[in-house]
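Visitor: quick one: sequence and predicted model below, then my questions.
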Amino acid sequence: MTPRSSLRLAAVLLALVPAVAACAAGPEEAGPAPSGSSSASSAAVPGVAEAARVGAADSGCALPVSFGIAASWTPKAVDLSGLDAETAAALGKGGMVPACEIDAKPAGNIGFIRVYTGEHGDLRATLTSFAGADAQAPAFTELQIGGVPAAEITYTSKSALDGTVEQEAAFAVDTPKGVVVVALDSFDDEEHAAMLPAYELAKSSLTVN
């Protein structure tokens, strides 16, 4: 077994722990998903149902936007209280500050949908800075998401773990409270493909609060 295979096996085993614990505790009852309109250019991937919404004050993350999340994905606010502006910025990407991470591990995948917030600005320039100077083959798409102009970037980047080139995707919308970036952050390309439907669900169901 290669070092990468061993690392991936260990990560998968760790990822299954919360799921096993959840099964032992019994299924959670989910209320009906709130309806929401979206004018995104691509619809949610078929077969990925909206199990809950994140963005409201009582949803785990209070955000300038709300969107649907798939079953078992777990939102958690990023607590920056007590940190100075410089430290908070260091935790972000391209001037965007982390606000929420939605964990895929309880659903059996390794990675997150992460939400970042920042100052008003050009969406394409924001995504360029967010992807960073090492982004390879960046491609931009102009969209309408939640009834407002939006932009999406797809690109590849080199993994800091083992140097492999991995797929990345993020989209940005401007809101009255500033720009919001929603990014798919996966362990590798296999996880990226598995988690992409949940990312597409977020994109197609997003509304500005």
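Guide: Nice, I can see it.

Visitor: what segments of this protein are helices?
Guide: 3-25, 85-90, 123-131, 189-205 (DSSP state H).

Visitor: weakest of these by average pLDDT?
Guide: If the helices of the chain are sorted by mean pLDDT, helix 3-25 sits at the bottom with a mean of 38.

Visitor: Ala71: how many residues sit nearby?
Guide: 14 (other C-beta atoms under 10 Å). Where C-beta positions appear, they are placed from N, C-alpha and C, glycine not excepted.

Visitor: numbering from 57 from now on, please.
Guide: Shifting the count to begin at 57 puts that one at Ala127.

Visitor: so it makes contact with Ala107?
Guide: Yes - when contacts are counted by C-beta atoms under 8 Å, Ala127 is listed as touching Ala107 (4.0 Å).

Visitor: and the strands in this structure, which stretches?
Guide: In the chain, the strands defined using DSSP state E lie at 108-110, 121-125, 130-133, 153-159, 167-174, 192-201, 204-214, 221-231, 234-242, 263-264.

Visitor: in JSON lines: those, plus distance to Tyr255, mean neighbour count and mean pLDDT.
Guide: Formatted as JSON lines, the strands of the chain follow (distance: least, C-beta to C-beta, whole Å; neighbours: other C-beta atoms under 10 Å; pLDDT from 0 to 100):
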{"stretch": "strand 108-110", "distance to Tyr255": "13", "mean neighbour count": "20", "mean pLDDT": "97"}
{"stretch": "strand 121-125", "distance to Tyr255": "10", "mean neighbour count": "24", "mean pLDDT": "98"}
{"stretch": "strand 130-133", "distance to Tyr255": "14", "mean neighbour count": "17", "mean pLDDT": "97"}
{"stretch": "strand 153-159", "distance to Tyr255": "10", "mean neighbour count": "21", "mean pLDDT": "96"}
{"stretch": "strand 167-174", "distance to Tyr255": "6", "mean neighbour count": "23", "mean pLDDT": "97"}
{"stretch": "strand 192-201", "distance to Tyr255": "12", "mean neighbour count": "14", "mean pLDDT": "96"}
{"stretch": "strand 204-214", "distance to Tyr255": "10", "mean neighbour count": "18", "mean pLDDT": "95"}
{"stretch": "strand 221-231", "distance to Tyr255": "6", "mean neighbour count": "20", "mean pLDDT": "96"}
{"stretch": "strand 234-242", "distance to Tyr255": "4", "mean neighbour count": "23", "mean pLDDT": "97"}
{"stretch": "strand 263-264", "distance to Tyr255": "16", "mean neighbour count": "19", "mean pLDDT": "96"}
